[in-house]
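Undergrad: test case, fold it:
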Amino acid sequence: MDRPGAMKVGDVVAEIVRRLGEQQRVVPEYIVRDAVEAALSRRFPGATPAPSVVLPGEIAGELIEGFCAGATTSEDDAATMPAVLSGDETGRLITALGLAVHVAAFNLDRDRLHVAQILNGAAAALVALGAAERAAHADGTSAVLLSPATLRTVRTTVAGVLQGTESRGWQARHLDQDATSALFTGVLAMLGAVP
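TA: Numbers count the residues shown, from 1 in each chain. Purely as a prediction, here's the structure:
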């Protein structure tokens, strides 16, 4: 891949969003902007990475390649059988995702990038779960078929909230901490047994 020349931070963000879009990965621009700014702040402590700041081509290229590289590698889910979940298991996933959205939204001002990733993952997983539940209902069965990609999204989302509450200083004092952790841990354990 050719390295770009000097680019403004805002242009780097736009290029990352464009490339992710080409790979069928829709990521809100503010998430990419926050992530780029965080990466630049770690690399250049004390600097303010405004959108108009011009970055050398080497740094711009590293950022673009770094943020887009993982999106090009996808697991082959076509060869993997979908997981079969009962109505109870599906309900537990939906409950965990709903609680994940609640906890994440409650901490939006504390950890915006991490929260946005969790909200995005939860939304995608809830849509997939709803569609799978409707398909099961239409077939007259209680067996809900979920793709490995959906299970990975649920796993990542739930683990992200658990990490937020346990090690990122997220507030969830208004909830029963033990019950919340037990729900998330139980869902992660359940998903560990599913392909």
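Undergrad: got a list of contacts for the helix or strand bottoming out on mean pLDDT in the chain?
TA: Ranking every helix and strand in the chain by mean pLDDT, DSSP states H and E puts helix 57-72 at the bottom, with a mean of 80. Helix 57-72 is contacted from outside by 1, 3-7, 11-12, 15-16, 19-20, 23, 25, 32, 35-36, 39-40, 43, 55, using C-beta atoms under 8 Å, 6 or more residues apart in numbering. Any C-beta I mention is one placed from the backbone N, CA and C, and that applies to glycine too.
Undergrad: against which helices or strands is the helix or strand harbouring residue 114 packed?
TA: According to DSSP states H and E, residue 114 maps onto helix 112-139. If you count contacts as 3 or more C-beta pairs under 8 Å, 6 or more residues apart in numbering; DSSP states H and E, helix 112-139 packs onto helix 29-43, helix 87-106, strand 144-146, helix 148-167.
Undergrad: got the ones you listed as a markdown table, with distance to residue 185 columns?
TA: Supplementary listing: the helices and strands packed on helix 112-139 in a markdown table, determined by distance: least, C-beta to C-beta, whole Å:
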| stretch | distance to residue 185 |
| --- | --- |
| helix 29-43 | 27 |
| helix 87-106 | 10 |
| strand 144-146 | 20 |
| helix 148-167 | 7 |
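Undergrad: closest to residue 121 out of these?
TA: Residue 121 sits nearest to helix 148-167 of all those, at 3.9 Å, using C-beta to C-beta.
Undergrad: for that closest one, give the mean pLDDT please.
TA: Regarding helix 148-167, the rounded mean pLDDT is 89.
Undergrad: between it and helix 87-106, how many degrees?
TA: If you take axes from the mean of the first three to the mean of the last three C-alpha atoms, to 10 degrees, helix 148-167 sits at 50 degrees to helix 87-106.
Undergrad: so where is the protein shaky, pLDDT-wise?
TA: 1-3, 24, 70-80, 193-195 (pLDDT under 70).
Undergrad: who's sitting farthest from the centroid in it?
TA: Centroid-distance maximum for the chain: residue 140 at 32.2 Å, with C-alpha atoms, centre = their mean.
Undergrad: circling back to that earlier point, buried set for the helix holding residue 114?
TA: Applying a neighbour-count criterion of 16 or more other C-beta atoms under 10 Å, one finds 114-122, 124-126, 128-129, 132-133, 136 buried in helix 112-139.
Undergrad: for the residue nearest to residue 111 when sequence neighbours are not counted, grab phi and psi.
TA: Spatial nearest neighbour of residue 111, chain neighbours left out: residue 168 (5.8 Å); criterion: C-beta to C-beta, 6 or more residues apart in numbering. With angles defined as degrees, to the nearest 10, residue 168 sits at phi -110, psi 10.
Undergrad: is it true that residue 168 touches residue 112?
TA: No - Residue 168 lies out of contact with residue 112 (C-beta atoms under 8 Å); the separation is 12.0 Å.
Undergrad: can you spell out the domain ranges of this structure, please?
TA: 7-72, 83-192 (automatic domain parsing).
Undergrad: which element, helix or strand, includes residue 84?
TA: Element membership of residue 84 [criterion: DSSP H and E] is strand 83-85.
Undergrad: thanks a lot, catch you later.
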